[in-house]
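Asker: Whatever this is, show me its structure:
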Amino acid sequence: MADYRTIPASELGNGSHIKLELCETEVDLYWKMAMEVAELIEENNHKGDPTVMIVPYGPLGPYARLVELINKRRIGLKNCWFINMDEYLDHNNQYLPKDDPLSFRGGMDRIFYNLVDEDLALPKEQRIFPEPGNEGKIWEIIQQIGKLDMCWGGVGITGHIAFNEPPEPGETCTDEGFLARPTRILKIARETKTINAFMNAGADLDAIPDNCITVGMKEIFFARKVRMCMPRDWNAAMLRKALHGPVSCHVPVSLFQHHPDAKIYAIQLAATTPVVPAIRIYNK
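Answerer: Here you go, the predicted structure:
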């Protein structure tokens, strides 16, 4: 296996089971993701089928474009179920208040649900979040409807999708066991807290909660389509690991090498940003 760090940008994705679509800019990526979501809903509406998606609160960029497409094309969401993939929790493992600026539930109202024309809007009971104390609800909904069309969202700095962090150092876990992990409460990795603080809290590590609830790899891997967004330059290493590194639960997104329809939308900058071997210092 070639070293993922040294593969030329022009050859990224060659031979990988995860499809890659490079986008010239971050805005292009957001439009492409929004258009794929809108077209899937339109297709299902035309057939009279429900649309069931696991959706993120991040990256936020596709939502403004999706709102515009929905309102302009008159795409009805009455037969849609949007399952948000995760949410921060407080120290008592309860939701943050919706008016907290870090609340994903409040954020979804502000950037998406409240902006869709009322006659097209997703019914409130079909706007689903993983719920502390009722973790099995997500899987039950998917099984009751009988399908999961798509999971889409960003990829974290540890290679996590949703908050499915890699196993902790020293933790025994097989790839199969990791893929079977369901919706659950867990602690957020220090690396994830750091990058989230940088992006969303003025780099104040203390502002980012320690705990979260996340839809599991079990539910995500059940999706017919998995779409991963990498709109940042700091996605460079994980883009290469996902496409060409060893498949391992220690790099969760690499496991989608085994998924029948997984795709990464990435900005060109993530493909061309150099990824160099770490400098190792050995004690003599």
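Asker: So which helix or strand of the chain has the lowest pLDDT on average?
Answerer: Sorting the helices and strands of the chain by mean pLDDT, DSSP states H and E puts helix 190-200 at the bottom, at a mean of 88.
Asker: tell me what the host helix or strand of Val27 is packed against?
Answerer: Using DSSP states H and E, Val27 sits in helix 26-47. On a contact count with 3 or more C-beta pairs under 8 Å, 6 or more residues apart in numbering; DSSP states H and E, helix 26-47 meets strand 19-23, strand 51-55, helix 61-73, strand 150-154, strand 225-230, strand 262-267. The C-beta positions use only the backbone N, C-alpha and C, and glycine is treated the same way.
Asker: Report the buried residues of it.
Answerer: 26, 28-34, 36-38, 40-42, 44-45 (16 or more other C-beta atoms under 10 Å).
Asker: same question, stretch 164-181
Answerer: Buried-residue list, stretch 164-181, by 16+ other C-beta under 10 Å: Asn164, Glu165, Pro166, Pro167, Asp175, Phe178, Leu179, Arg181.
Asker: thought the first one was touching His250?
Answerer: No. The criterion here is C-beta atoms under 8 Å, and Asn164 misses it with His250 at 11.8 Å.
Asker: Point out where the stretch 151-284 of the chain drops to low pLDDT.
Answerer: Per-residue confidence for the stretch 151-284 of the chain (pLDDT under 70) gives these ranges: 277-284.
Asker: Show me where the stretch 51-200 of the chain has its helices.
Answerer: Using DSSP state H, counting those that start in this stretch, the helices found in the stretch 51-200 of the chain span residues 61-73, 104-111, 137-145, 175-179, 190-200.
Asker: ok so, going back, among the helices and strands packed on helix 26-47, which comes closest to Leu120?
Answerer: helix 61-73 (5.9 Å; C-beta to C-beta).
Asker: Give me the buried positions along that closest one.
Answerer: Neighbour-count burial for helix 61-73 [16+ other C-beta under 10 Å]: Gly61, Pro62, Tyr63, Arg65, Leu66, Val67, Leu69, Ile70.
Asker: counting contacts, what elements does that helix pack onto?
Answerer: Going by 3+ C-beta pairs under 8 Å, 6+ apart, helix 61-73 lies up against helix 26-47.
Asker: Can you name the residues in contact with the helix it packs on?
Answerer: Here helix 26-47 makes contact (C-beta atoms under 8 Å, 6 or more residues apart in numbering) with 21, 23, 50-51, 53, 59, 61-66, 69-70, 73, 75-77, 79-80, 149-150, 152, 225, 227, 229, 231-232, 265-267.
Asker: got the angle for it vs strand 225-230?
Answerer: 160 degrees (axes from the mean of the first three to the mean of the last three C-alpha atoms, to 10 degrees).
Asker: Could you export the helices and strands packed on helix 26-47 as CSV, including distance to Phe198?
Answerer: Below are these laid out as CSV (distance: least, C-beta to C-beta, whole Å):
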stretch, distance to Phe198
strand 19-23, 22
strand 51-55, 23
helix 61-73, 17
strand 150-154, 14
strand 225-230, 16
strand 262-267, 18
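Asker: Need the phi and psi values for the closest residue to Gly245 other than its chain neighbours.
Answerer: Distances taken as C-beta to C-beta, 6 or more residues apart in numbering place Tyr4 nearest to Gly245, at 4.6 Å, with adjacent residues excluded. For Tyr4, the backbone dihedrals are phi -60, psi -20 (criterion: degrees, to the nearest 10).
Asker: Look at Tyr4 and report its pLDDT.
Answerer: Looking at Tyr4, its pLDDT reads 88.
Asker: a markdown table for the buried residues of helix 61-73, including distance to Ser254 and pLDDT?
Answerer: Shown next, in a markdown table, are the buried residues of helix 61-73 (distance: C-beta to C-beta, whole Å; pLDDT from 0 to 100):
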| residue | distance to Ser254 | pLDDT |
| --- | --- | --- |
| Gly61 | 25 | 96 |
| Pro62 | 23 | 97 |
| Tyr63 | 27 | 98 |
| Arg65 | 28 | 98 |
| Leu66 | 28 | 98 |
| Val67 | 33 | 98 |
| Leu69 | 31 | 98 |
| Ile70 | 33 | 98 |
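Asker: In terms of distance to Thr272, which of the residues you listed ranks first?
Answerer: Gly61 (20.3 Å).
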